[in-house]
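Trainee: After the sequence you'll find the predicted model.
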Amino acid sequence: MIIALNNKSNLEKIEFESYIKGLESISTEETIILCPTYLNIGAANSSLKIGSQNVSINENGAYTGEISATQLKSYNVQYAIVGHSERREYQRETNEEINLKIKQLLKNDITPILCIGESLKERENNQVKEVLKEELSIAIKDIKEEDKKKIIVAYEPIWSIGTGIIPTNEQIEEVFAEIKKIVPKSKILYGGSANEENIEQLKQIGAIDGYLLGGLSLKLEKLKIFLQKLH
Ligand code: 13P
């Protein structure tokens, strides 16, 4: 299974040094993808697979504060999260920008981890399918079939992120089936308050190819338990 760890804006230099040692000492058969902050990517020097949390829509050039896909590649970054709901909300990131980011990544042989997910209001208004279909179809616009299957999709309901609340298995299965209609060959992850306790419930869902973990990525003892309970 794919276990992507989204550190978000956490772990300072010294903290990260001990964190990564701890993470590397966990023995597991799963594919662990560590997504630290940009600064910590530079400091990672690790045997782990590394992902970024974002990428520029542009190539190298006069784009102050941006990091390009070719730069990421030069630091051995193999994956990149795009379209996380926190960026969509706080940075006003649009589906069209996410599409450009995915194209930059694919051009540089970096696997995009595309996050999609509905808000609570959208779920209450019965708009889940509509919202996810729009996010997904614009994100993959004009991308060749053979490239589409390289994209990993992460379903992260916004109301579940950091809240301790997860959807029912039926709700997740329903969404995964919709995603499969659009990108049948893509791997699909679940993200949003997944932890060492609710994994017992989540693992009943056969369609889940892995997890995108936020809070749990920072708690290595609990992460270890999560990994032990996965199968
Ligand atoms: P939590 O696991 O903290 O809910 O975060 C999920 C997430 O946003 C991962 O990208």
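Mentor: Okay, I see it.
Trainee: List the contacts of N40.
Mentor: Applying C-beta atoms under 8 Å, 6 or more residues apart in numbering to N40 gives the contacts 7, 11, 13, 16. (C-beta placed from N, C-alpha, C; glycine too.)
Trainee: I33 is in contact with the first one, correct?
Mentor: In other words, N7. No. Proximity of N7 to I33 does not meet the contact threshold set by C-beta atoms under 8 Å, at 11.3 Å.
Trainee: neighbour-wise, which of the two wins?
Mentor: For N7 versus I33, neighbours defined as other C-beta atoms under 10 Å are more numerous around I33 (24 against 18).
Trainee: This protein against the ligand: which residues are in contact?
Mentor: Proximity of the chain to the ligand is confined to 6, 84, 156, 161-162, 191-194, 212-216 under the rule C-beta under 6 Å from any ligand atom.
Trainee: Quick one: buried ones out of the residues you listed?
Mentor: Neighbour-count burial (16 or more other C-beta atoms under 10 Å) applied to the residues of the chain next to the ligand gives 6, 84, 156, 161, 191-194, 212-216.
Trainee: Columns pLDDT on top of those residues, output as TSV?
Mentor: Shown next, in TSV, are these (pLDDT from 0 to 100):
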residue	pLDDT
N6	98
H84	98
E156	98
I161	98
G191	98
G192	98
S193	98
A194	98
L212	98
L213	98
G214	98
G215	98
L216	98
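Trainee: and these, which of them are in strands?
Mentor: Counting by DSSP state E, the part of these found in strands is 6, 191, 212-213.
Trainee: Which one of those residues is nearest to R123?
Mentor: The shortest gap between R123 and any of these belongs to G191, at 15.8 Å (C-beta to C-beta).
Trainee: tell me the contacts of the closest one?
Mentor: Counted by C-beta under 8 Å, 6+ apart, G191 has contacts 4, 6, 115, 117, 154-156, 161, 211-214.
Trainee: same thing but 7 Å
Mentor: Contacts for G191 (C-beta atoms under 7 Å, 6 or more residues apart in numbering) come out as 154, 156, 211-212.
Trainee: does L189 sit in a helix, a strand or a coil?
Mentor: Following DSSP: H, G, I helix; E, B strand; the rest coil, L189 is assigned to strand.
Trainee: List the contacts of the residue in the chain that the ligand sits nearest to.
Mentor: Proximity of the chain to the ligand (C-beta to the nearest ligand atom) peaks at G214, 2.2 Å away. Neighbour list for G214: 6, 8, 161-162 [criterion: C-beta under 7 Å, 6+ apart].
Trainee: Swap in 6 Å and give it another go.
Mentor: Counting by C-beta atoms under 6 Å, 6 or more residues apart in numbering, G214 touches N6.
Trainee: Would you mind measuring from it to V55?
Mentor: To V55, G214 is 19 Å away according to C-beta to C-beta, to the nearest Å.
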